[in-house]
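> I need the structure of the sequence given here:
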Amino acid sequence: MTHLNGKPAHTSDLAPLAFAGYAHFTAMQIRQSSVRGLDLHLARLRHASDQLFGQHLSDEQVTDYLRTAVAASEAADASVTCYITSRPGEFAPADESLELDILVKITDPVQAPSSPLSLDVVRHERHLPRIKHVGEVSKTLLLRQANSRGFDDAVFEDHHGRLSEATIWNLAFWDGDTVIWPEAEYLPGVTKQILVRRLRDMGVPQTSRAVYAAEIGDQLSAVVMNSWTPAIPVSMIAHHSMVLDTAFYQLLHKAYSAEPQARLAGPGSEIPSR
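Below you'll find the predicted structure:
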């Protein structure tokens, strides 16, 4: 189901947006009509709109449109993607008449892979890495190329040789005591941000430092994460086998579960304060 500016979208509404590449979005998993980290999703949309359009919609308006779409879907569990685009659209200069539109798409809930993933290392740096934008054909291409080489997915390496993120995943490492976040340019996912603040509350040591594929050896555990899950174990990065430390995955799932949920439909739903 798709809503545009709070109302069911029709073909005439969606045709101008088909294949349009000047937009940004956030993606979330709704469970029991609730979502974790709603404040972080809203902050992501504000920041990206300011960068792309020079203005942003209020948190109240975005949340109201999200609530309207979730309630209309009558689905307690769902995948929800919220896009922000503008009129005029692509290849049009911005002027004072610029208007922002919100498109909310609701599809079936996603179940994350349950088995460890193997990641091939590829040299890649995303354009505007801090913005979750729609113009990223290279991610699907790199995923499929990694599949053709026998890997489940791809992890990116920047021009300094630092590991940054995977195609649709953030990356985290564990040395048995400290959670290590890669130091590089990448999109900080909402799930990653949730884990940072909840691990801090739990007193778990965290650090950010450059991580290189050549140094991994068999000393570190690794996971990937996105809105589907706070942790999927990584069994291999390139030809390096990773330590499979169950305690690490359990720690991240525990931290994620500590994040309060905001209701988007039904009794108790409300607009969160900034």
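> Strands along the stretch 51-200 of the chain, start to end?
In the stretch 51-200 of the chain, the strands defined using DSSP state E, counting those that start in this stretch lie at 78-87, 99-107, 117-123, 153-157, 163-166, 170-174, 179-182.
> List the strands paired with the second one, with their directions.
Spelled out, that is strand 99-107. As defined by DSSP bridges, the strand partners of strand 99-107 come to strand 2-4 (antiparallel), strand 78-87 (antiparallel).
> Show me which parts of the longest one are buried, residue by residue.
Along strand 78-87, the positions that meet the burial threshold by neighbour count (16 or more other Cβ atoms under 10 Å) are 78-80, 82-86. Using the backbone N, CA and C atoms, a C-beta is placed for each residue, glycine as well.
> Same check on stretch 164-181?
Judged by neighbour count (16+ other Cβ under 10 Å), stretch 164-181 contains these buried residues: 164-174, 179-181.
> try stretch 98-117
Across stretch 98-117, burial judged by 16+ other Cβ under 10 Å covers 100-106, 116-117.
> Please render the strands of the stretch 51-200 of the chain as CSV that adds distance to residue 21 to the earlier fields.
Converted to CSV, the strands of the stretch 51-200 of the chain look like this (distance: least, Cβ to Cβ, whole Å):
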stretch, distance to residue 21
strand 78-87, 10
strand 99-107, 14
strand 117-123, 22
strand 153-157, 21
strand 163-166, 21
strand 170-174, 23
strand 179-182, 27
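> Look up phi and psi at the residue nearest in space to the middle of the chain.
Nearest residue to the geometric centre of the chain (Cα atoms, centre = their mean): residue 189, 4.3 Å. Per-residue torsions, residue 189: phi -70, psi 160 (degrees, to the nearest 10).
> I'd guessed residue 224 sits against residue 173; true?
No: in this structure residue 224 lies outside contact range of residue 173 using Cβ atoms under 8 Å: 10.9 Å.
> And the helices in the stretch 151-274 of the chain?
190-202, 246-257 (DSSP state H, counting those that start in this stretch).
> Give me whichever of those is most buried.
Greatest average neighbour count among the helices of the stretch 151-274 of the chain goes to helix 190-202 (a mean of 19), per mean count of other Cβ atoms under 10 Å.
> tell me the mean pLDDT for that one?
Averaging pLDDT along helix 190-202 gives 98.
> Next: stretch 229-236.
On average, stretch 229-236 scores 96.
> picking that back up, do you know how far the residue nearest to the centre of the chain is from residue 207?
Note on residue 189: its distance to residue 207, by Cβ to Cβ, to the nearest Å, is 18 Å.
> Excluding covalently adjacent residues, which one is nearest to residue 90?
Excluding the flanking residues, the one nearest residue 90 by Cβ to Cβ, 6 or more residues apart in numbering is residue 22, at 4.6 Å.
> so who does the one you found touch?
52, 85-86, 89-90, 134-135 (Cβ atoms under 8 Å, 6 or more residues apart in numbering).
> Can you classify it as helix, strand or coil?
When classified by DSSP: H, G, I helix; E, B strand; the rest coil, residue 22 comes out as coil.
> Need the phi and psi values for it.
Per-residue torsions, residue 22: phi -110, psi 80 (degrees, to the nearest 10).
> ok, how many other residues are close to the nearest residue to residue 176 once chain neighbours are set aside?
Closest residue in space to residue 176, ignoring its immediate chain neighbours: residue 245 at 7.0 Å, by Cβ to Cβ, 6+ apart. Around residue 245 there are 17 other residues, counting by other Cβ atoms under 10 Å.
> measure residue 245 to residue 198 for me?
Using Cβ to Cβ, one gets 19 Å for the distance from residue 245 to residue 198.
> can you list the domains in the chain?
The record's domain parsing of the chain by automatic domain parsing lists 2-110, 117-257.
> who are the neighbours in contact with the residue lying closest to residue 121 once chain neighbours are set aside?
Once flanking residues are discounted, residue 121 sits nearest to residue 238: 4.5 Å by Cβ to Cβ, 6+ apart. Listed by Cβ under 8 Å, 6+ apart, the contact set of residue 238 reads 119-121, 213.
> still on that earlier bit, do you know how far the residue nearest to residue 176 is from residue 110?
With Cβ to Cβ as the criterion, residue 245 and residue 110 are 25 Å apart.
> Same list, the contacts of residue 238, but as a markdown table with distance to residue 71 and neighbour count please.
Putting the contacts of residue 238 into a markdown table (distance: Cβ to Cβ, whole Å; neighbours: other Cβ atoms under 10 Å) gives the following:
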| residue | distance to residue 71 | neighbour count |
| --- | --- | --- |
| 119 | 39 | 27 |
| 120 | 42 | 22 |
| 121 | 44 | 21 |
| 213 | 46 | 16 |
